[in-house]
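1. The following block contains a protein sequence and its predicted model.
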Amino acid sequence: MFIATLIASDMLAAGDISSARDRLADAGCAPSEGGWIDAGRAADIPFAMGSERARAALEGAFAGVDLVVQPAEGRRKRLLIADMDSTMITVECIDELADYAGIKAEIAAVTEQAMRGELDFAEALDARVALLKGLEATAIEQCLAERVMITPGARQLVRTMRAGGAMTVLVSGGFTHFAGPVGREIGFERVVANDLLIDGAALTGAVGKPIVDSSTKERTLEEELTRLDLPADAALAVGDGANDLAMIGKAGLGVAYHAKPVVAAAARARIDHGDLSALLYAQGIPRARWITD
């Protein structure tokens, strides 16, 4: 059996569930009666066959509604691997840090290209960090305080999954100076990120090696699965950029979150409208069971 989950950023009507069920029937998916996870916000429709046909029938059919199609068995995940910049937080830290050096536009353009998969990630990171040489290290704390905002739903997602026994890992191509505090605030058990090198009171313009890149993210997922003795189907991976594609492709539920086109096209699930709490609905968890503090 499979489940199609409809998740509204605003409001889901009972008629939408009925319409979705009709679409699945017309596509030959043999749906069962649908039901609410939370009335007006999220609903499940079980069906017997044709997951790709189901996606094709439902994707984009309802304005402001995200869709997750997956096997019914094992939908509650036991491992979360998450990207940080533009996923667990609302900004790209290197771009915001560059603003304190007066070169945000120059660096942000390279970041955008790297996240679209148009540049080698490690080379692009080295090039951007080199431009920050001499920036006072105090800019890091200032940036954390003034610019870094936690994405809505992030705390609920991580803390609810941890309360349910899942392992949670933040793995970032960004920097430990940001990922450490962000990971602690959200509630991650483990953080993997790059070291932004500092000499005295200023950035050296270099990043520690080896660089945390796409292969690191994929390897972190695989290592955690092995350590926990879990199948890949037990993992949820979420990110927005091209360096997240490998881990998204390996996870049982790989999610493109408000993602770059290359990521959105490749991922089996997308969240384009809602916040990160949509990934709790994708696991069938109603709001009453979310951990909010």
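-> Arrived safely, thanks for sending.
2. buried set for stretch 222-234?
-> Residues of stretch 222-234 classed as buried: E222, E224, L225, L230, A232, D233, A234 (neighbour count, 16 or more other Cβ atoms under 10 Å). For glycine as for every other residue, the C-beta is placed from the backbone atoms N, C-alpha and C.
3. now, among the residues you listed, which is nearest to L58?
-> Nearest to L58 among the buried residues of stretch 222-234, counting by Cβ to Cβ, is D233 at 21.7 Å.
4. That closest one touches G252, doesn't it?
-> Yes - using Cβ atoms under 8 Å, D233 is in contact with G252, at 3.5 Å.
5. Mind listing the shared neighbours of these two?
-> The contact sets of D233 and G252 overlap at G74 (Cβ atoms under 8 Å, 6 or more residues apart in numbering).
6. Out of the buried residues of stretch 222-234, name the ones that lie in helices.
-> Here DSSP state H is the test, and these give E222, E224, L225 as lying in helices.
7. thinking again about what came up before, out of the buried residues of stretch 222-234, which comes closest to A145?
-> The closest of the buried residues of stretch 222-234 to A145 turns out to be E224 (Cβ to Cβ; 31.3 Å).
8. State the distance from that closest one to A56.
-> E224 is 32 Å from A56, where distance means Cβ to Cβ, to the nearest Å.
9. buried stuff in the strand ranked longest in the chain?
-> Ranked by residue count, the top strand of the chain under DSSP state E comes out as strand 167-175. Going by neighbour count (16+ other Cβ under 10 Å), the buried part of strand 167-175 is M167, T168, V169, L170, V171, S172, G173, G174, F175.
10. Which member of those residues is positioned nearest V129?
-> Relative to V129, the closest of these is F175; by Cβ to Cβ it sits at 8.9 Å.
11. Grab the nearest non-local neighbour of the closest one.
-> L196 (4.2 Å; Cβ to Cβ, 6 or more residues apart in numbering).
12. how deep is the one you found tucked in, by neighbour count?
-> L196 sits with 24 neighbouring residues when counted by other Cβ atoms under 10 Å.
13. which residues sit in contact with it?
-> When contacts are taken as Cβ under 8 Å, 6+ apart, L196 is in contact with V129, I140, F175, T176, H177, L203, V207, G208.
14. picking that back up, rebuild the buried residues of strand 167-175 as CSV, extending it with distance to Y281 and pLDDT.
-> Shown next, in CSV, are the buried residues of strand 167-175 (distance: Cβ to Cβ, whole Å; pLDDT from 0 to 100):
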residue, distance to Y281, pLDDT
M167, 21, 98
T168, 18, 98
V169, 22, 98
L170, 21, 98
V171, 23, 98
S172, 25, 97
G173, 28, 95
G174, 27, 95
F175, 31, 97
